[in-house]
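S.K.: please find the sequence and the predicted model below.
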Amino acid sequence: MFHVKHRSPHILLINPWITDFAAYNFWIRPHGLLSIASFLRDSGFRITFIDCLDSTVTRKRYGDGKFHKIEIEKPLPIKSVPRKYSQYGIPEELFREKLSDMEKPDLIGITSGMTYWYPGLFKAIKIIKELFGKIPILLGGIYATLCNESAVRYSEADYIIKGRGEPELVKIISELLGFELPMDNGTLKIDNFPYPAFDLYPQLDYVSMITSLGCQFHCSYCASSVISGGFQRRDPLKVVEEIEYWTGHYRVNNIAFYDDALLVNPLEHIIAILKEVKKRDIQCNFHVPNGLHIKEIGEELSDLLHRCHFKTLRLGLETSNEATQIETGGKVDNRSFEEAVKNLKRAGYSEKEIGVYVMAGLPGQRAGEVEESIAYVKEMGANPKLVEYSPIPQTPLFEKAKKMSKFDIENEPLFHNNSILPCQWEGFTLADFQRLKEKVKT
Ligand code: SF4
């Protein structure tokens with residue numbers, strides 16, 4: 001607990017808009033920001049939260065759906081891309097209204113998502129400054145971590161926090177507001193995190209959860225270790241208690257796991273979690289939009305996934321080309337993939353339900369490799385899901401991408417947008433990509 005000098009300070013926390021050519025709400029929630037909201041609230045601060053993405057207009061059966069969007073002008077660097085560009089989330093007027101109606105905050109925290117979504121972030125900061133003047137703004141999240149220099153130079157936030165920002169955040173808040181906040185090594189342990197403050201939403205029909213932070217693998221295209229700073233996992237029983245809390249107290253019936261490595265060492269972790277979910281007879285649908293580790297999908301786990309109502313599955317194959325599998329980190333091989341699909345089918349999943357990520361447009365990759373991967377996934381009786389490669393700063397593959405890309409990906413994060421196929425070349429053109437998209441559908 002901090003020592004109150006006058007009154008409890010008011011902190012405004014914001015999840016900004018997405019600006020992109022396409023976006024879809026796969027149970028997105030700003031998990032890190034909501035955990036910070038809980039921590040600050042438990043420490044006695046008054047919290048107001050605005051989620052600019054809390055505006056899904058068409059909901060599907062499991063609560064995922066399309067965001068409300070409004071077409072906006074394309075930023076100059078991507079002006080020539082022949083696609084519509086939109087701001088996804090609540091209307092700007094509503095954002096302004098929410099800000100105007102609230103008591104002036106003492107401090108504002110804002111998070112950031114994909115590096116190329118910064119126009120939505122910058123716009124939110126501009127409006128905040130316009131309405132609240134000199135109130136300190138703290139910026140954290142993925143863009144702030146991966147494109148720190150860009151954030152420092154252009155975001156107009158007063159403090160930019162990199163990576164796991166809790167210690168720095170606590171230090172800044174303590175200094176700015178004159179309060180002592182508790183923070184020791186134990187605070188950063190994943191089992192000591194408070195539940196994210198999902199109760200700040202007016203309506204709660206789904207939540208996102210994490211049972212671990214980071215990943216033990218080091219795939220060359222992935223920034224998991226940079227963002228999460230090491231691998232940690234929660235106690236399985238504490239995970240189940242949290243599931244029970246959201247499903248019991250808030251009647252949530254869709255939970256999406258956003259772990260990077262949900263299945264690692266399955267016996268000690270996910271299998272233990274799911275056995276307990278079954279034992280307590282928790283009724284809920286689960287979704288795993290992040291790619292699952294294929295090597296861990298054995299018979300017992302497949303059976304548990306099916307019996308515990310895991311409805312949305314995504315397997316992280318990325319490519320069936322064995323040389324590329326090894327070159328990018330060796331997280332998967334085709335024999336394990338075939339075994340996993342067999343196990344999932346035996347457990348009761350249909351071909352359509354076994355979604356498999358196939359990555360397109362890796363630096364130097366030929367369209368033929370992706371075409372073969374799509375055909376392979378289909379042949380094995382699963383459902384390929386094409387994802388375009390996005391070059392991520394501070395990953396090993398970014399260096400190769402810089403050399404291969406015709407765009408200035410080093411200095412302009414808008415060029416990380418996978419929709420423009422940043423590493424297109426004569427061996428893999430936009431026309432190739434369109435053709436492959438059709439192939440997936442047939
Ligand atoms: S296994 Fe997945 S989360 Fe882990 S490093 Fe590779 S891509 Fe990232």
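M.R.: Cool, got the structure. This structure is a prediction, so every number in the text was calculated from the model and none was measured.
S.K.: work out for me the element L344 sits within.
M.R.: Here L344 sits within helix 334-347, counting by DSSP states H and E.
S.K.: show me what secondary structure element comes after that helix.
M.R.: According to DSSP H and E, the helix or strand after helix 334-347 is strand 354-360.
S.K.: may I see the buried residues of the next helix-or-strand element following that following strand?
M.R.: Using DSSP H and E, the helix or strand that directly follows strand 354-360 along the chain is helix 367-379. Applying a neighbour-count criterion of 16 or more other Cβ atoms under 10 Å, the buried positions in helix 367-379 are A367, E369, V370, E371, S373, I374, Y376, V377, K378. From N, CA and C alone the C-beta is placed, and that goes for glycine too.
S.K.: which positions in the stretch 151-300 of the chain make contact with the ligand?
M.R.: For the stretch 151-300 of the chain, the contact set with the ligand under Cβ under 6 Å from any ligand atom comprises C215, F217, H218, C219, C222, S224, D260, A261, G291.
S.K.: could you check how far the residue of the stretch 251-400 of the chain found nearest the ligand is from V288?
M.R.: Here the residue of the stretch 251-400 of the chain nearest the ligand is D260; by Cβ to the nearest ligand atom that distance is 3.6 Å. To V288, D260 is 11 Å away according to Cβ to Cβ, to the nearest Å.
S.K.: those two: who's more crowded?
M.R.: Taking neighbours as other Cβ atoms under 10 Å, D260 and V288 compare with D260 leading, 24 against 21.
S.K.: pLDDT weak spots in the stretch 201-350 of the chain?
M.R.: For the stretch 201-350 of the chain, no stretch has pLDDT under 70.
S.K.: quick one: the helices in it?
M.R.: 224-228, 236-249, 270-279, 299-307, 322-327, 334-347 (DSSP state H, counting those that start in this stretch).
S.K.: so what's G316 closest to, chain neighbours aside?
M.R.: G291 (2.6 Å; Cβ to Cβ, 6 or more residues apart in numbering).
S.K.: pLDDT of stretch 47-66, averaged?
M.R.: Stretch 47-66 comes out with an average pLDDT of 90.
S.K.: measure it end to end?
M.R.: 28 Å (Cα to Cα, to the nearest Å).
S.K.: the closest residue in space to Q216 that isn't next to it in sequence: what's it in contact with?
M.R.: Nearest non-adjacent residue to Q216, counting by Cβ to Cβ, 6+ apart: F231, 5.3 Å away. F231 makes contact with S212, L213, G214, C215, Q216, A261 under the criterion Cβ atoms under 8 Å, 6 or more residues apart in numbering.
S.K.: can you check G165 too?
M.R.: Neighbouring residues of G165 by Cβ under 8 Å, 6+ apart: G140.
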